[in-house]
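Asks: dropping the sequence and predicted coords here.
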Amino acid sequence: MAYFGKVFTLEKNENFDGFINSLGLPKEKAESYVKSKSSQKIEKDGDGYIITTTTSQGVTEMKFKPGVEFDQQITPEIVTKNVMTVEGDKFTQVQKADGKTITFIREFSADKLVVTITSNFWDGVAKRIYSKLNESEMAFFGKLYTHESNENFDDFVNSLNLPQEHATAYLNSKISQKIEKDGDEYVLTTNKPSGPSVMRFKSGVEFEEKITADVIGKNTITVDGNKVTQVQKLPDGKTITFAREYSADKLVVTITASFWNGTAKRIYVA
């Protein structure tokens, strides 16, 4: 099957907001689901399968054998009963909890995944349409990207309230970055004037990073195709998000923070 092991990224939705509204979720959570971008990958695992879903919240794996019931935890409080049947390129998941049933029909082709959603408590039909990630979009692995320019980066650095000497050094720093795949892990190497630093991580798994001699941050990085999003939590509760978007010849790092209303960018070229 040509789609096994391929990453399919969300392209568009049809009536997905109607389905989400039927779930009766709080407004904020419902809006986050509707706007969420995700990717899916299916792999063969002996006589079973693994579907891996990546979102901004992290990575989930669903392991199953056709026709065999399995549990899937949706929230900390809700565990659903599921049965997946396989008919050629069509994977039909029937999910049950509290008397409600939701059906997800995944239809794969070489370059597209269409997920059709119905339920026993809603009269509509929703679709999520994914496109296969082009192999050329993954050409950034192992490639060195060198800093070229900034947008509003000085305002972000000023928001950190660093000593003037440190702020000036941060603003004027010329660095390069490289990301590599190592099994189920990733290695992000940053070359700074003070020397190289290496971050080794698994997508969606929290890890610690020493930011200064006195400050250790907790980080979660999710990889969704060519988008690598790092959420960094500082000991004082503040968060900084670094959204890296790669292409074959450019890396754009978009920076936002919980304590600053602006958006900054650092642009790198290969």
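Replies: The structure has been received and is ready for your questions.

Asks: for the rest of this, base every contact and every neighbour count on C-alpha atoms.
Replies: Noted.

Asks: so the nearest residue to residue 221 once chain neighbours are set aside is in which element?
Replies: Once flanking residues are discounted, residue 221 sits nearest to residue 230: 4.2 Å by C-alpha to C-alpha, 6 or more residues apart in numbering. Using DSSP states H and E, residue 230 sits in strand 227-233.

Asks: may I have that strand exported as PDB, CA atoms only?
Replies: C-alpha atoms of strand 227-233 as PDB (Å, rounded to 0.1, in the frame of the first residue of the first chain):
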ATOM      1  CA  LYS A 227       6.300  22.600  11.000                       C
ATOM      2  CA  VAL A 228       8.200  22.200  14.300                       C
ATOM      3  CA  THR A 229       6.500  23.900  17.200                       C
ATOM      4  CA  GLN A 230       8.400  24.300  20.600                       C
ATOM      5  CA  VAL A 231       6.500  25.400  23.700                       C
ATOM      6  CA  GLN A 232       8.900  26.500  26.400                       C
ATOM      7  CA  LYS A 233       7.600  26.800  30.000                       C
END
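
Asks: for that strand, packing partners?
Replies: Secondary-structure packing of strand 227-233 (3 or more C-alpha pairs under 8 Å, 6 or more residues apart in numbering; DSSP states H and E): strand 216-224, strand 239-246.

Asks: note down every partner strand of the helix or strand just after the shortest one and its orientation.
Replies: Scanning the chain past strand 239-246 towards its C-terminal end, the next helix or strand to appear is strand 250-257 (assignment: DSSP H and E). On the basis of DSSP bridges, the sheet neighbours of strand 250-257 come out as strand 239-246 (antiparallel), strand 260-269 (antiparallel).

Asks: which SS state does residue 37 fall under?
Replies: Here residue 37 is recorded as coil under DSSP: H, G, I helix; E, B strand; the rest coil.

Asks: ok, the one 3 residues further on next?
Replies: Secondary structure state of residue 40, per three-state DSSP, is strand.

Asks: any low-confidence regions in the protein?
Replies: For the chain, the stretches flagged by pLDDT under 70 are 56, 134-137.

Asks: which residue ranges of it form helices?
Replies: Along the chain, counting by DSSP state H, helices occupy 16-22, 27-35, 153-159, 164-172.

Asks: re the thing from before, turn the helices and strands packed on strand 227-233 into TSV, columns for mean neighbour count.
Replies: Listed next are the helices and strands packed on strand 227-233 as TSV, based on neighbours: other C-alpha atoms under 10 Å:
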stretch	mean neighbour count
strand 216-224	20
strand 239-246	19
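
Asks: sorry, back to before: who wins for proximity to residue 234 among the helices of the chain?
Replies: Among the helices of the chain, helix 153-159 comes nearest to residue 234, with 14.3 Å by C-alpha to C-alpha.

Asks: so which bits of the closest one are buried?
Replies: By neighbour count on 16 or more other C-alpha atoms under 10 Å, the buried set for helix 153-159 is 153, 156-157.

Asks: what's the answer for stretch 204-219, then?
Replies: Counting neighbours by 16+ other C-alpha under 10 Å, stretch 204-219 gives 204, 206, 209, 217-219 as buried.

Asks: can you list the residues you listed in CSV and add distance to residue 78?
Replies: Shown next, in CSV, are these (distance: C-alpha to C-alpha, whole Å):
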residue, distance to residue 78
204, 21
206, 23
209, 33
217, 31
218, 27
219, 27
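
Asks: among the residues you listed, which one lies nearest to residue 194?
Replies: Nearest to residue 194 among the buried residues of stretch 204-219: residue 209, at 16.5 Å, using C-alpha to C-alpha.

Asks: which ones are touching that closest one?
Replies: Residue 209 sits next to 199, 216-219 when contact means C-alpha atoms under 8 Å, 6 or more residues apart in numbering.
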